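1. Output the structure for:
(chains A, B, C and D)
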There are 4 protein chains.
Amino acid sequence: MAGNIYGDIFKVTTFGESHGPAIGCIVDGVPPGLELSESDIQYDLDRRKPGQSKITTQRQEADAVEILSGVFEGKTTGCSLALLIRNKDHRSKDYSNIKDIFRPGHADYTFLKKYGLRDYRGGGRSSGRETAARVAAGAVAKKILQVHGINIIAYTKSVGDVEAKKIDYSVIEQNIVRAPDLKAADKMIEVIEAARKNTDSIGGVVEAVIHKCPPGLGDPVFGKLNAKLSYGLMSIGTIRGIEFGLGFDATKMHGSEHNDKFYMDGDRVRTMSNNASGMLGGISNGEDIILRVAVKPPSSIAQTQQTVSIDGKDTTCEVKGRHDPCICPRVVPVVESMIALTVVDCLMLHKAIQLPDTDD
Amino acid sequence: MAGNIYGDIFKVTTFGESHGPAIGCIVDGVPPGLELSESDIQYDLDRRKPGQSKITTQRQEADAVEILSGVFEGKTTGCSLALLIRNKDHRSKDYSNIKDIFRPGHADYTFLKKYGLRDYRGGGRSSGRETAARVAAGAVAKKILQVHGINIIAYTKSVGDVEAKKIDYSVIEQNIVRAPDLKAADKMIEVIEAARKNTDSIGGVVEAVIHKCPPGLGDPVFGKLNAKLSYGLMSIGTIRGIEFGLGFDATKMHGSEHNDKFYMDGDRVRTMSNNASGMLGGISNGEDIILRVAVKPPSSIAQTQQTVSIDGKDTTCEVKGRHDPCICPRVVPVVESMIALTVVDCLMLHKAIQLPDTDD
Amino acid sequence: MAGNIYGDIFKVTTFGESHGPAIGCIVDGVPPGLELSESDIQYDLDRRKPGQSKITTQRQEADAVEILSGVFEGKTTGCSLALLIRNKDHRSKDYSNIKDIFRPGHADYTFLKKYGLRDYRGGGRSSGRETAARVAAGAVAKKILQVHGINIIAYTKSVGDVEAKKIDYSVIEQNIVRAPDLKAADKMIEVIEAARKNTDSIGGVVEAVIHKCPPGLGDPVFGKLNAKLSYGLMSIGTIRGIEFGLGFDATKMHGSEHNDKFYMDGDRVRTMSNNASGMLGGISNGEDIILRVAVKPPSSIAQTQQTVSIDGKDTTCEVKGRHDPCICPRVVPVVESMIALTVVDCLMLHKAIQLPDTDD
Amino acid sequence: MAGNIYGDIFKVTTFGESHGPAIGCIVDGVPPGLELSESDIQYDLDRRKPGQSKITTQRQEADAVEILSGVFEGKTTGCSLALLIRNKDHRSKDYSNIKDIFRPGHADYTFLKKYGLRDYRGGGRSSGRETAARVAAGAVAKKILQVHGINIIAYTKSVGDVEAKKIDYSVIEQNIVRAPDLKAADKMIEVIEAARKNTDSIGGVVEAVIHKCPPGLGDPVFGKLNAKLSYGLMSIGTIRGIEFGLGFDATKMHGSEHNDKFYMDGDRVRTMSNNASGMLGGISNGEDIILRVAVKPPSSIAQTQQTVSIDGKDTTCEVKGRHDPCICPRVVPVVESMIALTVVDCLMLHKAIQLPDTDD
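-> Numbers count the residues shown, from 1 in each chain, chains lettered A, B, ... in the order given. Below you'll find the model as predicted:
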């Protein structure tokens, strides 16, 4: 409850600081009999890891994962799955100059107020580095979803003012910004590089789609699928907003435009439009679930910024070290992971409440 | 976990269908010694109740609350607080014509897919009527927050294209749309009435502010205050999006613009701007927390809409009954309640982890 | 978490004080499609209710249950099930004389220390009357277990020094002490009546058996089935001890005597003895689960007892009112209920973690 | 919920198999600012570790703990505390002969039935080795309790028929069986050595005392302190029963004997006797809390035992390897740990629900 545990049945508990010896997680509630090896997890970790391209931070971390428990002879046992990633390239000295000040946009000040002390080395626990543990757990969730035929895809929809004009999933992993439109990707990269040259950073939008989510996931009151997704996604440090379907545009519409009409597609109930983003009353209806998250510009910039010191004096700071000028490309796998963790949990809960004769 | 419980320490469990005998809730984790009477709760229930003005549904419900347990001699006992609201004006016959079809935009179809059966009377459990229980519990949470000096205000920021130009809290309860700008309120009411005349509905934006939230609430990883708020707010049936501070506008900004610079205000650390909406790294920093939710146009409209029947045939329906042409005015107290429930829970968790010598 | 909620998936939240207007509960996580009516629940409530025989308290409560939500057209909907029992015969005046003192053996003192105030009317929330809500929820759990073929039976094993010599389930409901041995029952009743004549009370042992619990329920570490059962059973106010199988007698045995040897019974793996009480490593093995709970003598006795007043003076008290001289007969359905709530929760969790191809 | 997480606020998640690479845990909800180093944890790990004396298993494990996160500059940060213990002396070959059979008294059969597969190396997750992670977390809980002045002591009360006649805490760590009576300890050791020579094992009773538990911990309904303690203690693999105060002996008593009379001790409310074991209505009253757990004889014995093979044939087995002839001496620190984890959680919850003006 102190906020390091995610999920109700598929429960992920994470640990680790940016510059401590290791980060990782334990997953409670893994179904037994799932084939799983380190390489299944490594693929997504590589998509998130620093130093992967010229537009990400140059910190070098292999982010190699070690399975410490929960897998035997290539299959999950149903018991705690423990995943460990050792930190390698943590140059704590980079942070000695920020030890006594609060970096604008970072959690330095709020950490100190909350806990009475803080690990100033690279943000400690509030570093984006903690998301590696989410991605490791998310990779396991994705494997479970695959068994159920559910597929999650995320991509960079826009960077600054540059927006993807088309959605071609096949090109997402072919460009370093992870856009679904190669032409837009080139422009996005230009915008990011310009920001970096200005010792600045830039925001963007990441969009995600859940394909083939079966109808019936989510619950009608507090446990709505969109509510749970919002919880998970907004817990990613850089996210400032989330919308489903038409989102804020829906606020200017009439019900007669916004309602998705039903029709029969063979023996399947479908909707003509998908303004509701695959959910009605918080429960999936079988259409694609589409959502967007607002990614703020990274707070770490090498410019001189006004701030205050921990002993209460006005001062300035420059956040040196190695930073991402735009975090969207690396947020993409984190978004997928939080969605996967959420959906797998809803799926397991849905199974739990079935009577034997209605078991699916 | 089946989604009728909200909160980690201050746990609210709700029940009740739109056309059943009653709705209500039990609150587990109420601090002892809080002065509490039915009238403390009734105020917010009255702000949410149907039939309160010409722009809301004309269903007549007093929504009178009865405290069944947890209060003794005018004070909370620390034990389960049970709140009961009897339904009065439930004309189930209004819904006999929709018994066999799926209303567009409603949860009829997803309920049936999830549970294998559904209570078709006014949406059953998925009716917006369930939010009365949230508001009842939220009123208790607000009283606790008052003891801590925390104050929550919500209002209708826009309806369709009409946006409030100024924010004057003192006029919010003086107009039936609950806008903070009387001039804009008049236009909003016009837009709503026009929609109703067209047997249509219209969306809007509700904005909320948390004043004097002490620094230190929320947790750095999954339990971020903004994440928990998003969970609670997105669980309100009509919400399609949420943003904090600059929200989606932040995605087009550079870090140098977006970062809030720190300065000393006497002995208090403040930020010059508040783009981060009172939170850094998911933990409150003492500035105002400002958020907006996208409220979709209500799905219940009396127009003929294409749909399908439960036996799988294309057909049409008209959703008769008594409906809200714009739900914003009644969502305002629900938004406040979900915020109050969330903040009180974070506050209680914050207390829980203090060692004796650092106890605040 | 403040202790009014039981279960992880099938979550029961209870409320109500001995002398308040009502008691009851909400169940979150009820499977949809279960046939359920008030009469299904009333049977067990009647077994627990006061005034049922000459050896129970003479307080008269019909304990008539009202279903407020969660059932539609005779079947559970999958949504919150709310159950309400109005208190009728609450003579608060009986308790005015104990308002200012602490009754020995009761929670009067600890309540006041914990909460700073207390509802002195009949123990308020700490009254055994709260178990009516457990029995109501337990009756629903039992119905679900029946669908899975699982059956729970409890009975009074001993009262004071009188122990049942044989176990005949068919006679349990034929005698007012709920013993499985009619001859022993007569002696038990004598012992109880003697205690009552002495304005005293007497303890006993209740034993319970879970028949046809399928193998695989419970988890290997903290979530052992015996651990969860202990939690639920020890939360019944009068219980002072619990043992499974041979219990404390096992502490004097050698492993060679205590180990249950396996053998094949057709194609089923069985054990020759059942010292482990149907569980190995906290997971059910398909044999009967047998447990015993130690029921203390009721604290309410009409004798003059030494005590202290709330203003810190030595004094005496006599606990007038209507009391049970031995609570075993009424604890029997409560024990069954806590077992049912626990097993149904384990069953639902077990379903949750199955992959599709291994779904049972 | 799959049973690898313990606690509501101070949440311990454990992982690890007997013969995997490592075991350990993550603690969520650690108060910030607590001085903590590996040596604080190592003391109790050394009391639990194998190979510590001639009457324990001869497996050699240093059980050296590494803190991976949550401590900075010697103090807890308030973030996830991750503790890692590498396994060293795991001779998996010892278990090749039991790969295809079910050991009597062990979880081999139930694991296979539950999960469809099992890690047969030394019991995998169901090995008593998992308790090292509990002890590591428990050592942290004990440090927090010390700050609150609460102290927990456990000891071996009896082994087979040999019972400690006196309780002298100062000698507990002076004898290898951890008895509070040196004369009895010698006899207990004889009984244990005799069992070992017979390739057999023997049970016993462990008793524990919580000193200076402040009044007010625990909750009146499901969350009774004794209920939570029972949950934690019964989740230790070898425990078959638990009793508080007079336990099963109370079942033969009258209320007039069993009730603890109150008296004033200066300005403190005390009880003349302590039959209720420091709790009334599930809430601590400030007196010592005394409990006993029944420890079964270890299941691993080198005798030939009848059993069945995983392919369903009657056969025999001898459980070779290195085993404990009596587990009481090593269970003592595990019992202390589960008590500490439970009490610290209740303490934190108690703080959580205080209003500011009543904050203690």
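
2. Can I take it that A:Ile210 is in a strand?
-> Yes. Applying DSSP: H, G, I helix; E, B strand; the rest coil, one finds A:Ile210 inside a strand.

3. So it is in contact with A:Ala154, correct?
-> No. Between A:Ile210 and A:Ala154 there is no contact under C-beta atoms under 8 Å: 9.8 Å. In this view, the C-beta of every residue, glycine as well, is placed from N, C-alpha and C.

4. what do the two both touch?
-> Counting by C-beta atoms under 8 Å, 6 or more residues apart in numbering or on different chains, the common neighbours of A:Ile210 and A:Ala154 are A:Ile339.

5. Quickly find the element holding A:Ile85.
-> Using DSSP states H and E, A:Ile85 maps to strand A:81-86.

6. And that strand, how far out from the chain middle?
-> How far strand A:81-86 lies from its chain's middle: 18 Å, per C-alpha atoms, centre = their mean, to the nearest Å.

7. close to chain C, is it?
-> No. Strand A:81-86 does not reach chain C (C-beta under 8 Å from any C-beta of the partner chain); its nearest approach is 12.1 Å.

8. which residues touch the helix or strand that that strand is followed by?
-> Next in sequence after strand A:81-86, counting helices and strands by DSSP H and E, comes helix A:108-115. Helix A:108-115 has contacts (C-beta under 8 Å, 6+ apart) with A:98, A:101-102, A:118, A:120, A:123-126, A:310, B:215-217, B:220, B:262, B:269, B:279-281, B:283-286, B:350, D:32-33, D:77-78.

9. Just the CA trace of helix A:108-115, in CSV.
-> What follows is helix A:108-115, C-alpha atoms only, in CSV (Å, rounded to 0.1, in the frame of the first residue of the first chain):
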residue,chain,number,x,y,z
ASP,A,108,13.6,15.9,-4.6
TYR,A,109,11.6,18.4,-2.6
THR,A,110,8.6,16.2,-2.1
PHE,A,111,10.7,13.2,-1.1
LEU,A,112,12.4,15.1,1.6
LYS,A,113,9.1,16.5,2.9
LYS,A,114,7.5,13.1,2.9
TYR,A,115,10.3,11.0,4.3
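
10. Quick check: buried residues in that helix?
-> Judged by neighbour count using 16 or more other C-beta atoms under 10 Å in any protein chain shown, the buried positions of helix A:108-115 are A:108-115.

11. so does the helix or strand following that helix get close to chain C?
-> Once helix A:108-115 ends, the next helix or strand along the chain (criterion: DSSP H and E) is helix A:131-147. Yes. Helix A:131-147 is in contact with chain C by C-beta under 8 Å from any C-beta, via A:144, A:147.

12. which residues are contacting stretch A:47-59?
-> A:46, A:60-63, A:89, A:131-132, A:135, A:173, A:176-177, A:189, A:192-193, A:196, A:322-326, A:329-330, A:332-334.

13. switch to 7 Å and redo it
-> With C-beta atoms under 7 Å, 6 or more residues apart in numbering or on different chains as the test, stretch A:47-59 has contacts from A:60-61, A:63, A:89, A:131-132, A:135, A:176-177, A:189, A:192-193, A:322-326, A:329-330, A:333-334.

14. how far away is the closest residue to A:Ala184 other than its chain neighbours from chain B?
-> Among residues not flanking A:Ala184 along the chain, A:Ala164 sits closest, at 4.5 Å (C-beta to C-beta, 6 or more residues apart in numbering or on different chains). Distance of A:Ala164 to chain B, computed by C-beta to the nearest C-beta, to the nearest Å: 13 Å.

15. quick revisit: would you list the strands that the strand holding A:Ile85 pairs with, along with their directions?
-> strand A:22-28 (antiparallel), strand A:65-69 (antiparallel) (DSSP bridges).

16. who does the next helix or strand after the last one pair up with?
-> Yep, that's strand A:65-69 we're talking about. Toward the C-terminus, strand A:65-69 is succeeded by strand A:71-72 as the next helix or strand (DSSP H and E). Taking DSSP bridges as the criterion, strand A:71-72 sits next to strand A:75-76 (antiparallel) in its sheet.

17. Can you name the residues that contact the residue in the stretch 51-200 of chain A that chain B sits nearest to?
-> Of all residues in the stretch 51-200 of chain A, A:Ala107 sits closest to chain B, at 2.5 Å by C-beta to the nearest C-beta. Residues counted as contacts of A:Ala107 (C-beta under 7 Å, 6+ apart) are A:123, A:126, B:220, B:280-281, B:283.

18. Among those, show me the least confident.
-> The member of the contacts of A:Ala107 with the lowest pLDDT is A:Gly123, at 87.

19. how much space between the residue lying closest to that one once chain neighbours are set aside and A:Thr77?
-> Nearest residue to A:Gly123, sequence neighbours excluded (C-beta to C-beta, 6+ apart): A:Ser18, at 5.4 Å. To A:Thr77, A:Ser18 is 31 Å away according to C-beta to C-beta, to the nearest Å.

20. who has more neighbours, those two?
-> Neighbour tally, A:Ser18 and A:Thr77, criterion other C-beta atoms under 10 Å in any protein chain shown: the higher count belongs to A:Thr77, 26 against 21.

21. That one against A:Pro32, yeah?
-> Yes. A:Thr77 lies in contact with A:Pro32 (C-beta atoms under 7 Å); the separation is 5.8 Å.

22. what's the overlap in contacts for these two?
-> Common neighbours of A:Thr77 and A:Pro32, using C-beta under 7 Å, 6+ apart, are D:115, D:117.

23. Tell me the predicted confidence for whatever residue of the stretch 101-250 of chain A ends up closest to chain C.
-> Residue of the stretch 101-250 of chain A nearest chain C, by C-beta to the nearest C-beta: A:Val147 (5.8 Å). Listed pLDDT for A:Val147 reads 95.

24. Quick one: neighbours of it, just the number.
-> A count of nearby residues for A:Val147, using other C-beta under 10 Å, gives 14.

25. do the same with A:Asp267
-> 6.

26. Please apply the same query to A:Ala2.
-> Residues within reach of A:Ala2, counting by other C-beta under 10 Å, total 26.

27. Ignoring the adjacent residues along the chain, who's closest to it?
-> D:Gly29 (4.1 Å).

28. residues in contact with the one you found?
-> D:Gly29 sits in contact with A:1-2, B:353, D:9-11, D:348, where contact means C-beta under 7 Å, 6+ apart.

29. check whether the worst-scoring helix or strand of chain A on mean pLDDT contacts chain B.
-> The helix or strand of chain A with the poorest confidence is strand A:314-318; it has a mean of 92 (mean pLDDT, DSSP states H and E). Yes. Applying C-beta under 7 Å from any C-beta of the partner chain, one finds strand A:314-318 touching chain B at A:Asp314.
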